[in-house]
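# I'd like to go over a predicted model; first the sequence, then the structure.
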2 protein chains.
Amino acid sequence: MTETPRQRQHRQTMADILQLAHRQLATEGSAGLSLRAIARELGLVSSAIYRYVPSRDELLTLLIEESYTAYGDAVEAAEARCRRDDLGRRWLTTGRAVRRWAVANPAEWALLYGSPVPGYQAPSERTTAAGSRVPILLLTLLADAGLEPSPDDPPMTAALHRELNRLRPAFPGDLKPGVFARALLAYTSLCGLVSFEVFGQFTNTVTQFPAHLDHQLARLGAVLGLPEPLR
Amino acid sequence: MTETPRQRQHRQTMADILQLAHRQLATEGSAGLSLRAIARELGLVSSAIYRYVPSRDELLTLLIEESYTAYGDAVEAAEARCRRDDLGRRWLTTGRAVRRWAVANPAEWALLYGSPVPGYQAPSERTTAAGSRVPILLLTLLADAGLEPSPDDPPMTAALHRELNRLRPAFPGDLKPGVFARALLAYTSLCGLVSFEVFGQFTNTVTQFPAHLDHQLARLGAVLGLPEPLR
DNA sequence: ACTTTGCGAGAGCACCGCTCTCTCTTGCTT
DNA sequence: AAGCAAGAGAGAGCGGTGCTCTCGCAAAGT
């Protein structure tokens, strides 16, 4: 029942590889990820690494999975500390947590939300679930707010309306198309803001990042139809 | 006065290199960019390419410059076809043009707005000017609209307010901080929406891209304080 | 005790960016 | 016109990459 020493050793080496990979990601970026370098640091000959990781792409996939998990954990934990009925604060806290995690882990953020690594396509069946956690947080938030379509919602084509209706059962909250669209805009805008900071698009412009994010989160909160944070 | 055959030849080869590089970028992505492969396709030995391009990083910089120029040209041209006084349409058209260019040139879009190529930092003095053209379009648009700060603008910290005030002389339109911030949100949101589509973040969610973008552009237009497009 | 399995070592393939040297041709200058 | 400098390609080579294959040893299972 208990694992053999060999299994234990294997698990340990695997963990070492992933840890070194994360470190390499942080220092060299995703294109600098080198199986040979990891093997070298582990005191292994280059071919031995393939006993653990079948290919560089697979290592990338593992890193993406781990990163999505860490990202979801961080944001969910922050959001969970808010009073459930303080919807404005839940949104503000979520946005801040997304930024905080991204700034603390820029290489991982780039892996998740940056340009796809060329020639490599993450197997969606292994990443979509982990990647949906933060968006789902948002949808739940809007559902808790009891938001309804508003006459201020711009019109949308019938095809888009149908599509968003089709998505309703696949996500929590059962949001009507207009509200679902608001959530989409909020999340894409948030990611856009964070990516601009992390990817350096704001150089020579904004440097007051936390203040700027708070300001824009307040704007987006208004677009969503959320009240301001309490007190 | 006229250029010598040798200069002509050099210019031609340089143009060939850039064209092949753009093609390679499209098929292999930025990490697949290979000087050797370009040389091979040109019928040159690998070392000869260095007569034209001093390094891979320099080739990347050239591609970024060309891409920013093509991007700016495309969006400016589209926006210029709008009636000057139809501010809602100018915004809608700008947003659509950004998406159209990005979808038509996904690798170039990734180069400009995706994760920075690891280990490589674009020399900002060579890219910021070209990269500012579309944002400047937006600032001009808001200035033409004569937008003023509104009581609906969320508060911002004094430091952020000062910073945005400091930026005023460096950009056209002389926008007050609250209005400038609206422009920042609009552009980051637009880029976020487009990147989500181009980078595949919408898989299993939105597929009605043009309709979705129009819908969200209308929302953002309202946030900006622009009227709806005429007729 | 025997056999299967796991795992590291080593050599090797094809590719990459980049450097250095050598050669030949072009084009400018005296 | 002669001579010299610069341009441009060829070739060899360095160190790096991902990945494959074979070999041998030791641990695990029977």
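Yep, that arrived.
# Point out the other elements, helices or strands, that the helix-or-strand element of chain A with minimal mean pLDDT touches.
Ranking every helix and strand in chain A by mean pLDDT, DSSP states H and E puts helix A:124-131 at the bottom, with a mean of 87. Here helix A:124-131 touches helix A:56-80, going by 3 or more CB pairs under 8 Å, 6 or more residues apart in numbering or on different chains; DSSP states H and E. (Glycine included, C-beta is placed from N, CA and C.)
# Does DNA strand D have contacts with the helix it packs on?
Yes: contact of helix A:56-80 with DNA strand D (CB under 7 Å from any atom of the strand) involves A:56-57.
# what's the spacing between that helix and its chain's center?
Averaging C-alpha positions (CA atoms, centre = their mean, to the nearest Å) puts helix A:56-80 7 Å from its chain's average.
# Pull out the buried positions in that helix.
A:56, A:59-68, A:70-72, A:74-75, A:78-79 (16 or more other CB atoms under 10 Å in any protein chain shown).
# Get me the contact residues on chain A for DNA strand C.
Going by CB under 7 Å from any atom of the strand, the residues of chain A near DNA strand C are A:6, A:9-10, A:13, A:43-48, A:51-52.
# please redo it, this time with the cut-off set to 10 Å
A:4, A:6-14, A:17, A:36, A:39-40, A:42-52 (CB under 10 Å from any atom of the strand).
# Could you list which of these belong to helices?
A:6-14, A:17, A:36, A:39-40 (DSSP state H).
# Just the buried subset of those residues, please.
Buried, going by 16+ other CB under 10 Å: A:13, A:17, A:39, out of these.
# show me the contacts for residue A:109.
By CB atoms under 8 Å, 6 or more residues apart in numbering or on different chains, the contact list for residue A:109 reads A:101-102, A:194-195, A:198.
# what about whichever residue of chain A sits closest to DNA strand C, neighbour count?
Per CB to the nearest atom of the strand, residue A:47 is where chain A lies closest to DNA strand C, at 2.8 Å. When neighbours are counted by other CB atoms under 10 Å in any protein chain shown, residue A:47 registers 10.
# from the contacts of residue A:109, which two are the most distant?
The two members of these with the most space between them (CB to CB) are A:101 and A:195, at 12.8 Å.
# and chain A, which of its residues are near DNA strand D?
So chain A meets DNA strand D at A:3-9, A:21, A:24, A:28, A:31-40, A:45-51, A:53-60, A:119-120 (CB under 10 Å from any atom of the strand).
# mind running it again at 6 Å?
A:4-6, A:34-37, A:46-47, A:50, A:55-57 (CB under 6 Å from any atom of the strand).
# Looking at those residues, which gets the smallest pLDDT?
Among those, residue A:5 has the lowest pLDDT, at 77.
# Output stretch A:92-99 as PDB, nothing but the C-alphas.
The C-alpha coordinates for stretch A:92-99 follow below in PDB (Å, rounded to 0.1, in the frame of the first residue of the first chain):
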ATOM      1  CA  LEU A  92     -12.200  45.100  -6.100                       C
ATOM      2  CA  THR A  93     -10.400  42.300  -4.100                       C
ATOM      3  CA  THR A  94     -10.600  39.900  -7.000                       C
ATOM      4  CA  GLY A  95      -9.000  42.400  -9.300                       C
ATOM      5  CA  ARG A  96      -6.300  43.300  -6.900                       C
ATOM      6  CA  ALA A  97      -5.500  39.700  -6.200                       C
ATOM      7  CA  VAL A  98      -5.200  39.000 -10.000                       C
ATOM      8  CA  ARG A  99      -2.800  41.800 -10.300                       C
END
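# Packing partners of whichever strand or helix holds residue A:223?
Residue A:223 belongs to helix A:209-224 when assigned by DSSP states H and E. The helices and strands touching helix A:209-224, judged by 3+ CB pairs under 8 Å, 6+ apart, are helix A:87-104, helix A:177-198, helix B:158-167, helix B:177-198, helix B:209-224.
# give me phi/psi at residue A:226?
Backbone torsions of residue A:226, given as degrees, to the nearest 10, read phi -90, psi 150.
# I'd say residue A:144 and residue A:84 touch.
Yes: with contact defined as CB atoms under 8 Å, residue A:144 counts as touching residue A:84 (7.0 Å).
# Between these two, which contacts overlap?
Common contact partners of residue A:144 and residue A:84 (CB under 8 Å, 6+ apart): residue A:90.
# So which of the two has more stuff around it?
Neighbours were counted for residue A:144 and for residue A:84 using other CB under 10 Å; residue A:144 has more, 13 against 9.
# Does residue A:163 touch residue B:208 like I think?
Yes: Residue A:163 is within contact range of residue B:208, at 5.3 Å (criterion: CB under 8 Å).
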